[in-house]
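> Quick one: sequence and predicted model below, then my questions.
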Amino acid sequence: MWPFLNVWLHILAAVIWIGGMLFLSLIAVPVLRGVDAPLLRRDLFRAMALRFRRLVWLCFAVLVPTGIVNLLYYGNTTAGSPYMKVLHIKLGLVVFLVIMGLVHDFVIGPRAARALSRDGLPPTGADLFMVALAPWIGRFNLLLGIVILTLAAALTRSH
């Protein structure tokens, strides 16, 4: 029963993480584009993004230990096994996704926010670049999440 609950919790955290990225990309952003007041649009998106960011890092805190338990309980840890090959690719992409998330959340996002709220001062070229880059990093992270989810499904078939 405990291994099943561990897998369930791992899947739930992944669904919340990836589902949240899908929601932001496919629902929230398009709806917010219809908001005529730019300051309101910015404030609404910022509030959603900050709330989602906390949830993402909580999900990550769940995914790491449950993933380790899943590996110990279900994994075929034989060197060179198909399971280990897929797992190494998945974990490499997870590390890259986490790094991209950190850069997005703590470098690009704050610089983009600062560019949009300089209290009448013109934003710098670097600030404007961050504004343009931020949504593309978010989309790239979503794509990485979907690939990781696909690899997770492949792990269940590679025993």
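Nice, I can see it.
> Show me which parts of the helix or strand His10 falls within are buried, residue by residue.
His10 is located in helix 2-23, with elements delineated by DSSP states H and E. Applying a neighbour-count criterion of 16 or more other CB atoms under 10 Å, the buried positions in helix 2-23 are Asn6, Val7, Leu9, His10, Ala13, Ala14, Ile16, Trp17, Ile18, Gly20, Met21. In short, each C-beta sits where N, CA and C put it, glycine included.
> Would you point out the most distant pair within the residues you listed?
Spatial extent of these (CB to CB) is set by the pair Asn6 and Met21 at 23.4 Å.
> So in the chain, which helix runs the longest?
Across the chain, the longest stretch assigned as helix under DSSP state H is helix 38-74.
> what pLDDT, on average, does that helix get?
The predicted model assigns helix 38-74 a mean pLDDT of 90.
> Let me know the angle separating it from helix 2-23.
Orientation check (axes from the mean of the first three to the mean of the last three CA atoms, to 10 degrees): helix 38-74 against helix 2-23 gives 160 degrees.
> just checking, what packs against helix 38-74?
Contact partners of helix 38-74 among helices and strands, from 3 or more CB pairs under 8 Å, 6 or more residues apart in numbering; DSSP states H and E: helix 2-23, helix 29-33, helix 82-103, helix 109-116.
> If we use 10 Å, what do you get?
Packing contacts for helix 38-74, counted by 3 or more CB pairs under 10 Å, 6 or more residues apart in numbering; DSSP states H and E, involve helix 2-23, helix 29-33, helix 82-103, helix 109-116, helix 125-156.
> list the buried ones in that helix?
Using 16+ other CB under 10 Å as the burial criterion, the residues of helix 38-74 that qualify are 41, 45, 48-49, 52-53, 56, 59, 62-63, 66-67, 69-71.
> What of stretch 87-101?
Using 16+ other CB under 10 Å, the residues of stretch 87-101 that count as buried are Leu87, Lys90, Val94, Leu97, Val98, Met100, Gly101.
> Which helix or strand in this structure has the lowest average pLDDT?
Lowest mean confidence among the helices and strands of the chain (mean pLDDT, DSSP states H and E): helix 109-116, at a mean of 79.
> Before I go, just wanted to say thanks for your time.
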